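Undergrad: the following block contains a protein sequence and its predicted model.
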Amino acid sequence: MYTDGGINLRKLFISSIKGYQKGISSLFPPSCRYYPTCSEYTIEAIEKHGSAKGTLMGVSRILRCHPFVRGGYDPVPNKFSLKRNTK
């Protein structure tokens, strides 16, 4: 696990996202065009690739999630990438 000054960044980032899922996202109807959702994708990316790369992958995914994209199944790739996983 990656740490910074004794703080486990993965746990901090993941718990923040889970707080968002329970406290904010649950108040609105589902709107993510992808599966898994952008927040689930970001959690999985952080678990697979660490806090920095996983967060970058999550932000990249959120920027791809807009009305002009088809969406669909887009799993976290095994290798770090900021592009959509088309396999």
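TA: Received the coordinates, thanks.
Undergrad: verify the stated contact: G71 with P36.
TA: No - the pair G71 / P36 is not scored as a contact, 11.5 Å apart, by CB atoms under 8 Å. From N, CA and C alone the C-beta is placed, and that goes for glycine too.
Undergrad: stretch 75-87: which residues count as buried?
TA: For stretch 75-87, the neighbour count (16 or more other CB atoms under 10 Å) marks 76-77 as buried.
Undergrad: now do that stretch, average pLDDT.
TA: Average pLDDT, stretch 75-87: 82.
Undergrad: check stretch 25-37 too.
TA: Stretch 25-37 comes out at a mean pLDDT of 91.
Undergrad: end-to-end on that stretch?
TA: End-to-end distance of stretch 25-37: 11 Å, with CA to CA, to the nearest Å as the criterion.
Undergrad: next: stretch 19-32.
TA: Start-to-end, stretch 19-32 (CA to CA) is 17 Å.
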